[in-house]
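Visitor: here's a sequence, model it:
(one chain, ligands or ions: 1)
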Amino acid sequence: MIYLDNSATTRTFDTAANAARKYMTEVYFNPSSAYSPAVSAEKSVNEARRRLCGALGAASGNVIYTSGATESNNMAISGCLSKKRGKGRIIVSSVEHPSVYETAQALSAKGYEVVTVGVDETGKVDLGAFGGCLTADTDFVSIMQVNNETGAVNDLPAIRSMIKKLAPNAVLHVDGVQGFLKVPVNMGQCDMYSISGHKFHAPKGVGALYVGNGVRFGGGQTGGGQESGLRSGTLNVPGIMGMDAAITTYLANEQAYRKQMVLCKQRLYDNMMKQGDVMLNGPSVDAGAPHILNLSFLGVRGEVMLHALEAKGVLVSTGSACSSHKKGKNRILGSMGITGERLEGAIRFSFSPMNTLAEIDTASEIIAETAAFLRKYKRR
Ligand code: PMP
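Guide: Okay, the predicted model is just below:
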């Protein structure tokens with residue numbers, strides 16, 4: 001099997017699985033309990049929290065552990081708006097993940113003013129249009145760091161400085177799920193930042209929300225008052241410690257990992273461009289995130305291609321796994337002005353540092369053969 005769907009999820013690192021196992025079978029105590037083995041679990045979590053702040057480049061602020069980025073994104077929005085009087089004004093981009101986009105749409109239905117800012121043809125937020133949306137009464141802005149379908153990388157420093165100038169009261173939340181560890185970031189570039197463990201070789205069901213100092217934030221679920229009263233619920237210690245170990249492994253190899261993903265991405269791109277009727281969706285290979293490549297195979301239906309490739313052992317996706325159960329047009333590529341055959345034939349390839357160039361060459365042959373076969377079949 002050749003796995004090229006690492007934006008959907010990744011294989012857990014052995015270091016992360018071993019850490020999670022240790023906190024399930026040995027240090028399994030509830031970190032909120034009073035006896036010393038539990039206090040030691042709590043200490044481990046707080047050490048992991050400090051290391052995560054370091055990995056985020058956060059000079060101050062706090063990290064709240066969550067069940068993943070869907071929760072982090074929902075909580076960022078609801079936890080800020082709960083601190084506002086009346087209904088607020090919110091800006092999101094047209095290519096946000098559903099955990100931001102659909103949450104904003106739901107608020108719009110409740111009477112909040114929700115402004116959706118578009119993207120350019122490479123999938124980046126259109127900064128001219130963004131400036132036009134910013135107003136002094138804007139409360140909350142959510143813009144992703146890296147798009148999960150195209151690998152487009154937004155210009156966070158520019159976005160941040162436009163907000164400071166034109167909407168100084170607004171909180172900037174960044175969905176960092178596809179950017180964290182892949183593209184440099186520091187918490188000076190935003191007020192809030194969401195991450196999800198399973199996108200960087202940690203177990204599924206664990207993530208975090210960074211909240212900067214001075215952000216008026218009411219938190220998420222209520223209950224026993226864990227996470228300084230901001231996110232109740234018994235801490236997922238195995239998940240948190242597994243995520244901590246994955247981050248440590250990633251950081252120890254960061255440059256080599258990024259280089260390997262870029263090599264794989266470039267190789268697949270070069271191999272595919274030698275075939276006819278293939279188009280790149282998103283930024284140029286060197287401008288995008290290291291791990292995502294979106295290509296359209298003209299004259300082929302993406303879904304049919306996905307299953308034909310699966311039958312030959314190559315796993316890819318037509319878009320994000322979260323929306324693969326939803327029928328209808330692709331909101332992300334549609335926002336970039338992509339239509340017709342190009343929209344229909346889009347496939348997302350996403351890499352991990354464990355992919356090899358030999359795998360990419362084998363996959364390339366299979367993809368080229370499959371596309372040629374399906375085109376013949378379709379055009380007959
Ligand atoms: N945001 C982005 C950009 C994503 O790619 C994903 C996962 N597909 C999420 C949020 C949701 O993350 P989780 O799976 O942890 O809920």
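Visitor: just for this structure, where's the confidence low?
Guide: For the chain, the stretches with pLDDT under 70 are 320-328, 378-380.
Visitor: who are the contact partners of whichever residue of it sits closest to the ligand?
Guide: Per CB to the nearest ligand atom, G68 is where the chain lies closest to the ligand, at 2.8 Å. For every residue, glycine as well, the C-beta is placed using N, CA and C. By CB atoms under 8 Å, 6 or more residues apart in numbering, the residues touching G68 are 196-198, 204-207.
Visitor: do that again at 10 Å, thanks
Guide: By CB atoms under 10 Å, 6 or more residues apart in numbering, the contact list for G68 reads 99, 177, 194-199, 204-208, 236, 239.
Visitor: so of those residues, which ones are in strands?
Guide: Assigned to strands by DSSP state E, the following of these qualify: 194-196, 207-208.
Visitor: hang on, C264 packs against I292?
Guide: No. Taking contacts as CB atoms under 10 Å, C264 lies outside contact range of I292: 11.1 Å.
Visitor: now the common contact residues for the two.
Guide: With CB under 10 Å, 6+ apart as the test, C264 and I292 both reach 349-351.
Visitor: from the middle of its chain, how far away would stretch 261-280 be?
Guide: 23 Å (CA atoms, centre = their mean, to the nearest Å).
Visitor: which of the residues in it are buried?
Guide: Neighbour counts over stretch 261-280 (16 or more other CB atoms under 10 Å) mark 261-269, 271-272, 278-280 as buried.
Visitor: what subset of these is also close to the ligand?
Guide: Among those, proximity to the ligand is found for none (CB under 6 Å from any ligand atom).
Visitor: in CSV: these, plus secondary structure.
Guide: Converted to CSV, the buried residues of stretch 261-280 look like this (DSSP: H, G, I helix; E, B strand; the rest coil):
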residue, secondary structure
M261, helix
V262, helix
L263, helix
C264, helix
K265, helix
Q266, helix
R267, helix
L268, helix
Y269, helix
N271, helix
M272, helix
V278, strand
M279, strand
L280, strand
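Visitor: in the stretch 151-300 of the chain, which spans are strands?
Guide: 171-175, 192-196, 207-211, 278-281, 292-297 (DSSP state E, counting those that start in this stretch).
Visitor: same question, the stretch 1-150 of the chain
Guide: Going by DSSP E, counting those that start in this stretch, the stretch 1-150 of the chain shows strands at 2-3, 62-66, 89-93, 113-117, 140-144.
Visitor: in this structure, where's the longest helix?
Guide: Taking DSSP state H as the criterion, the chain has its longest helix at helix 357-379.
Visitor: what's the angle from that helix to strand 292-297?
Guide: 30 degrees (axes from the mean of the first three to the mean of the last three CA atoms, to 10 degrees).
Visitor: and helix 357-379, what does it pack against?
Guide: Judged by 3 or more CB pairs under 10 Å, 6 or more residues apart in numbering; DSSP states H and E, the packing partners of helix 357-379 are strand 2-3, helix 254-273, strand 278-281, strand 292-297, helix 302-311, strand 314-315, strand 346-350.
Visitor: got the angle between it and helix 254-273?
Guide: Orientation check (the same axes, to 10 degrees): helix 357-379 against helix 254-273 gives 30 degrees.
Visitor: name the residues of helix 357-379 that come out as buried.
Guide: By 16+ other CB under 10 Å, the buried positions in helix 357-379 come out as 359-360, 363-364, 366-368, 370-372, 374-375.
Visitor: okay, now the closest residue to Y112 other than its chain neighbours: neighbour count?
Guide: Closest residue to Y112 apart from its sequence neighbours, by CB to CB, 6 or more residues apart in numbering: K87 at 4.8 Å. By other CB atoms under 10 Å, 13 other residues sit near K87.
Visitor: mind listing what G319 touches?
Guide: Listed by CB under 10 Å, 6+ apart, the contact set of G319 reads 7-8, 148-150, 294, 302-303, 306, 326, 330-333, 346-348.
Visitor: what about 8 Å?
Guide: Residues near G319 by CB under 8 Å, 6+ apart: 149, 330, 332-333, 346, 348.
Visitor: do Y257 as well
Guide: With contact set as CB under 8 Å, 6+ apart, Y257 has these partners: 250, 353.
Visitor: what does L209 give?
Guide: 63-64, 66, 71-72, 75-76, 192-194.
Visitor: give me the distance between it and N236.
Guide: 14 Å (CB to CB, to the nearest Å).
Visitor: other residues contacting stretch 358-367?
Guide: Contacts for stretch 358-367 (CB under 8 Å, 6+ apart): 2, 4, 264, 267-268, 271-272, 309, 312-314.
Visitor: give me that answer again for 7 Å
Guide: 2, 4, 264, 267-268, 271-272, 309, 312, 314 (CB atoms under 7 Å, 6 or more residues apart in numbering).
Visitor: same check on stretch 73-82?
Guide: Stretch 73-82 is contacted from outside by 66, 88, 97, 99-100, 103, 139-140, 142, 171, 173, 175, 192, 194, 209, 216-220, 231, using CB under 7 Å, 6+ apart.
Visitor: how about that stretch: buried residues?
Guide: Quick answer for stretch 73-82 (16+ other CB under 10 Å): 73-77, 79-81.
Visitor: show me the residues around the closest residue to Y3 other than its chain neighbours that make contact.
Guide: Sequence neighbours aside, L315 is the residue nearest to Y3 in space, at 5.2 Å (criterion: CB to CB, 6+ apart). Going by CB under 7 Å, 6+ apart, L315 touches 1, 3-5.
Visitor: could the residues you listed go into JSON lines alongside neighbour count and distance to the ligand?
Guide: Shown next, in JSON lines, are these (neighbours: other CB atoms under 10 Å; distance: CB to the nearest ligand atom, whole Å):
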{"residue": "M1", "neighbour count": "8", "distance to the ligand": "21"}
{"residue": "Y3", "neighbour count": "20", "distance to the ligand": "16"}
{"residue": "L4", "neighbour count": "25", "distance to the ligand": "16"}
{"residue": "D5", "neighbour count": "18", "distance to the ligand": "11"}
